[in-house]
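> Fold the following.
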Amino acid sequence: MVQRWLSFLLLTLLLSLSGVISVTITLVNLCNYTLWPAAYTTGGNQTLSTTGFVLNSGESSTITVPAGWGGHLWGRTECSLNRTTGDFSCVTGDCFTGRLACDGMERTPPATRVEMTLNGDNNQDNYAISLIDGFNIPMAIIPLRGNCSSSGCRAHVNAVCPSGLKVTKWKERLVVAVACRSVNTCLEDCSYVHAVNILRKACPQARILADDNENTYSCASDTDYYITFCPPLTSESNNTRPGWRRGKTQNKKKDTNLLYWKWIMNARTMHKIVGKWDFMLRRGYSIPHSKPSFFAII
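Numbers count the residues shown, from 1 in each chain. Sure thing, here's the model as predicted:
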């Protein structure tokens with residue numbers, strides 16, 4: 001027994017000295033529709049245990065990421081299973097494996113993505129929201145460390161996307177925009193400079209072009225992260241935690257967005273929020289992404 005305990009202690013010490021760590025990434029769906037998040041590993045890093053799953057509106061899911069991982073995470077929309085062929089496909093963000101899991105296949109543009117490189121130079125994580133290959137869903141990434149900056153593209157870019165880049169489909173007898181292609185695909189009917197300016201104004205924190213390195217952020221390694229789909233339109237870096245309290249619904253959008261960003265910066269508080277979502281969903285309430293005032297119902 002003593003020998004087994006010493007062996008375990010030695011293994012733990014070796015792992016600690018070698019810097020072997022893992023972090024958690026929690027994906028939160030604040031959209032009012034179902035998403036199918038996916039992950040792609042770059043640079044020969046260790047593949048994640050899951051590369052695709054379903055995430056209903058108001059739900060969250062946590063994945064464990066190994067040390068030194070690098071890759072992309074994104075959301076797929078309007079996915080379905082063909083009952084005749086058995087093929088799984090999505091309108092945007094599809095990886096064309098015919099299955100729920102992407103299994104080493106990258107997404108098909110246009111799609112918003114989170115780019116991450118963990119435990120890189122100087123023991124730093126690097127992360128960014130990228131529209132280099134286009135946009136389909138608003139996204140934000142929030143490090144759970146008080147001195148690190150969040151980043152995001154919170155605007156509904158499809159609504160302001162230049163006509164030459166807009167991807168549309170018929171839905172209930174209407175033509176609706178489902179994605180916005182990369183500015184690098186501008187042709188005769190699209191002004192490149194105009195398109196870049198529109199996207200920079202809509203999402204000033206995001207990488208629009210490949211050389212937008214100033215919109216790549218860093219944080220100390222061994223940091224956990226939240227990735228939010230359809231986040232509120234404003235951000236707040238303050239990570240204080242007000243906790244749950246009973247009271248009347250706040251009517252000021254600014255106040256409710258502030259409360260949201262205070263909560264989301266603390267993991268334990270976020271678990272409480274998700275628990276409350278589950279409670280409300282079981283009671284038949286919906287959780288609309290376009291009304292941040294929901295977060296003040298406490």
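> spatially speaking, which residue is in the middle of the protein?
Residue closest to the average C-alpha location in the chain (Cα atoms, centre = their mean): I227, at 3.5 Å.
> element containing that one, please.
Using DSSP states H and E, I227 sits in strand 225-229.
> List the strands paired with that strand, with their directions.
Partners of strand 225-229 in the sheet, by DSSP bridges, are strand 22-29 (parallel), strand 139-143 (antiparallel).
> Need the ones you listed in CSV (columns: mean neighbour count and distance to A202).
Backbone N, C-alpha and C define where each C-beta goes, glycine included. Formatted as CSV, these follow (neighbours: other Cβ atoms under 10 Å; distance: least, Cβ to Cβ, whole Å):
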stretch, mean neighbour count, distance to A202
strand 22-29, 20, 21
strand 139-143, 25, 13
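> V28 is in contact with T228, correct?
Yes. Applying Cβ atoms under 8 Å, one finds T228 in contact with V28, separated by 4.8 Å.
> Can you pull out the low-pLDDT segments for the stretch 101-250 of the chain?
For the stretch 101-250 of the chain, the stretches with pLDDT under 70 are 172-173, 188-189, 234-250.
> which residue ranges form the strands in it?
With strands called from DSSP state E, counting those that start in this stretch, the stretch 101-250 of the chain shows them at 113-117, 124-130, 139-143, 151-153, 166-171, 174-180, 217-220, 225-229.
> Pipe the ones you listed into CSV and attach distance to T47 per row.
CSV is the format used below for the strands of the stretch 101-250 of the chain (distance: least, Cβ to Cβ, whole Å):
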stretch, distance to T47
strand 113-117, 14
strand 124-130, 19
strand 139-143, 21
strand 151-153, 25
strand 166-171, 29
strand 174-180, 27
strand 217-220, 23
strand 225-229, 18
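> so where do the helices sit in the stretch 51-200 of the chain?
Assigned by DSSP state H, counting those that start in this stretch, the helices in the stretch 51-200 of the chain fall at 192-202.
> Tell me who's in contact with the closest residue to A210 other than its chain neighbours.
In space, A210 comes closest to I132 once its chain neighbours are excluded; the distance is 5.8 Å by Cβ to Cβ, 6 or more residues apart in numbering. By Cβ atoms under 8 Å, 6 or more residues apart in numbering, I132 lies in contact with 182, 184, 207-210.
> Tell me how many other residues crowd S221.
By the measure other Cβ atoms under 10 Å, the count of residues near S221 is 17.
> That one and I142: what is the separation?
S221 is 17 Å from I142, where distance means Cβ to Cβ, to the nearest Å.
> same thing with Y225?
Taken as Cβ to Cβ, the span from Y225 to I142 is 7 Å.
> Ok, C90 next?
25 Å.
> How about G120?
Taken as Cβ to Cβ, the span from G120 to I142 is 19 Å.
> for V28, same thing?
9 Å.
> One more: L209?
From L209 to I142 the distance is 24 Å (Cβ to Cβ).
> Whichever strand or helix holds W36 vs strand 113-117, what angle?
Taking DSSP H and E as the criterion, W36 maps to strand 35-41. With axes from the mean of the first three to the mean of the last three Cα atoms, to 10 degrees applied, the angle from strand 35-41 to strand 113-117 works out at 30 degrees.
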